[in-house]
Every structure is written in structure tokens, then in C-alpha cells.
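>>> coords below, sequence missing:
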């Protein structure tokens with residue numbers, strides 16, 4: 001009989017599994033059509049690992065930005081064309097010198113920033129080509145971006161966040177609960193029979209993880225589901241026939 005697994009309930013969604021976004025301060029994105037931003041305050045958001053800047057733009061509107069290391073309240077940041085390549089300023093990639101450390105990079109011009117937004121995750125602008133800008137991401141992968149994509153110069157604040165260990169499961173519990181992440185992750189054989197097809201209290205046998213039939217209900221298709229194909233491959237059959 002099929003069972004409603006935790007991953008099925010989380011995928012379907014519902015009040016129990018929705019992230020508590022009402023506690024988040026808002027979206028931290030780069031804004032278009034402005035030239036400067038005055039830092040009003042530095043705030044913490046449960047939905048972001050990086051501190052956020054509450055800024056006031058030159059058009060008298062307010063917004064949120066990812067905070068770089070080294071900025072302070074009252075500092076004025078430059079945004080858009082004509083801005084100098086200084087710490088915390090946001091420019092187009094075509095205006096940033098090679099070798100500069102950048103973060104909050106736009107994947108498509110105008111999306112507000114999508115790459116390198118977490119604490120301490122910065123990229124490096126390494127080269128220019130005729131068609132694109134080459135940027136080295138934290139994974140050492142070199143990705144090409146549009147000339148008009150914007151990025152912020154510097155390194156996101158809070159780079160030493162991972163240096164302090166959690167030490168206690170309770171600390172990790174509240175850390176994961178803030179974003180409604182599943183914790184702890186239990187193996188199927190350690191769960192109750194009602195929660196997982198492999199779970200029971202009668203024994204600790206691990207031999208139940210065998211392929212499920214193709215017509216099995218979704219709640220039973222866990223672990224090693226089935227092989228990708230059965231029988232010989234077409235290439236081997238053709239070779240034998242020749």
C-alpha cells in the first residue's frame with residue numbers, strides 16, 4: 001500500500017511546509033534608474049545569510065541591498081553608469097576592471113542579482129571577449145555574462161559565519177527552522193512503518209531496499225526503484241548480429 005512520505009508532503013506544499021516568508025525583510029535586489037544609495041541601517045533577515053542594507057535612493061525610494069564588507073551607516077554608494085569602481089558600488093560588468101572581486105551578479109540584465117549572494121561568496125572578473133565577460137565563480141567554474149549585467153564590487157559581509165561550529169543539535173534545529181528546512185534527515189530503515197516503506201520496529205533488516213515494480217504507487221517508489229533498462233542494449237545486439 002502506498003504511503004504519504006515526507007518528501008511527497010513537502011513537495012505538495014501546505015501551511016506546515018511553507019517557509020515563513022512573512023518574517024523576511026524583503027527582496028534584496030539591484031534597482032534600475034537610480035544613481036546613488038544612502039545607507040540608512042544594517043539589518044538581519046532570517047531569509048538571508050548575509051546582512052542587508054536598508055538604503056534610500058536618490059529618487060526618495062527605499063530598498064534593500066546585500067551588504068558588502070567594510071561599509072557603514074551614512075555612507076553613500078554609487079549605482080549604475082558613471083559610478084567609479086569602488087567598494088560597495090554597483091556597475092555594469094563592462095565598466096569593472098579585470099581582476100576585481102564582485103558579488104550579487106545579474107544572470108540577465110535587469111534581474112537584480114542572482115549569483116554570489118551568500119556570506120563570503122565572491123567571484124572574480126578575469127577576462128573580456130568580443131561577445132561576453134568571463135567571470136570565475138567560487139566553484140572555479142568560468143561563466144560568461146552579458147556586458148550589461150550588473151554586479152556589486154567587494155565581498156559579501158559575514159564571511160566567517162561558517163567558522164563557528166553549531167556544537168549542539170538544538171542550535172542547528174532553530175537554524176534550519178528559520179527557513180523551514182528538513183532536519184534531521186533520517187534513513188528510511190530508521191523510520192516507523194507508517195512513514196516509510198523500509199521502516200518498522202520488528203527488525204533492523206536492510207534487505208527491503210530492492211527494486212519496486214513499475215506499476216507501484218508513488219509512496220512505494222523509494223530507494224533503488226528500478227533499472228533504467230532490461231535486457232541487452234541496442235548497440236550490443238547490433239554488434240552481435242553483425
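That came through fine. This is a predicted model, so every value here is computed, not measured. Residues are numbered from 1 along each chain as shown.

>>> helix or strand right after the helix or strand containing residue 102?
Element membership for residue 102, per DSSP states H and E: strand 101-103. Once strand 101-103 ends, the next helix or strand along the chain (criterion: DSSP H and E) is strand 123-128.

>>> what comes up buried for that next one?
123, 124, 125 (16 or more other C-beta atoms under 10 Å). Yep, even glycine has a C-beta here, placed from its N, CA and C like the rest.

>>> between those residues, which sits nearest residue 234?
residue 123 (43.8 Å; C-beta to C-beta).

>>> that closest one reaches residue 139, doesn't it?
No - the criterion here is C-beta atoms under 8 Å, and residue 123 misses it with residue 139 at 9.7 Å.

>>> nearest to residue 72 among the buried residues of strand 123-128?
Of all these, residue 123 has the smallest distance to residue 72: 24.0 Å, by C-beta to C-beta.

>>> and the strands in this protein?
36-43, 52-57, 62-66, 76-78, 90-92, 101-103, 123-128, 133-136, 142-145, 150-153 (DSSP state E).

>>> how about the ones you listed, which one is nearest residue 181?
Nearest of the strands of the chain (C-beta to C-beta): strand 52-57, 20.1 Å.

>>> quick one: the closest one to strand 36-43, angle?
For strand 52-57 against strand 36-43, the angle between stretch directions is 150 degrees (axes from the mean of the first three to the mean of the last three C-alpha atoms, to 10 degrees).

>>> which strands or helices does strand 52-57 pack on?
Counting contacts by 3 or more C-beta pairs under 8 Å, 6 or more residues apart in numbering; DSSP states H and E, strand 52-57 packs against strand 36-43, strand 62-66.

>>> packing partners of the last one?
Contacts defined by 3+ C-beta pairs under 8 Å, 6+ apart place strand 62-66 against strand 36-43, strand 52-57.

>>> residues contacting the last one, please?
To tie it back to what came earlier, the one meant is strand 52-57. Applying C-beta atoms under 8 Å, 6 or more residues apart in numbering, the contact partners of strand 52-57 are 25, 28, 31, 34, 36-45, 62-67, 71, 77, 79.

>>> just to revisit the earlier point, tabulate the helices and strands packed on strand 62-66 (a markdown table), appending mean pLDDT, distance to residue 86 and mean neighbour count.
A markdown table is the format used below for these (pLDDT from 0 to 100; distance: least, C-beta to C-beta, whole Å; neighbours: other C-beta atoms under 10 Å):
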| stretch | mean pLDDT | distance to residue 86 | mean neighbour count |
| --- | --- | --- | --- |
| strand 36-43 | 94 | 12 | 16 |
| strand 52-57 | 94 | 15 | 21 |
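
>>> how about JSON lines for the ones you listed, with distance to residue 113 added?
Shown next, in JSON lines, are these (distance: least, C-beta to C-beta, whole Å):
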{"stretch": "strand 36-43", "distance to residue 113": "14"}
{"stretch": "strand 52-57", "distance to residue 113": "12"}
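
>>> what bits of the chain have low per-residue confidence?
1-3, 204-209, 235-242 (pLDDT under 70).

>>> would you mind giving the domain segments of this structure?
Using automatic domain parsing, the domains assigned to the chain come out as 1-14+180-242, 21-161.

>>> quick revisit: the strands of the chain: which one's closest to residue 219?
strand 142-145 (39.5 Å).

>>> show me the contact partners of that closest one.
By C-beta under 8 Å, 6+ apart, the residues outside strand 142-145 that reach it are 93, 105-107, 115, 126, 129, 131-137.

>>> just put the residues you listed in CSV and tack on distance to residue 150.
Converted to CSV, the contacts of strand 142-145 look like this (distance: C-beta to C-beta, whole Å):
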residue, distance to residue 150
93, 7
105, 8
106, 5
107, 11
115, 11
126, 18
129, 19
131, 18
132, 15
133, 11
134, 16
135, 12
136, 18
137, 16
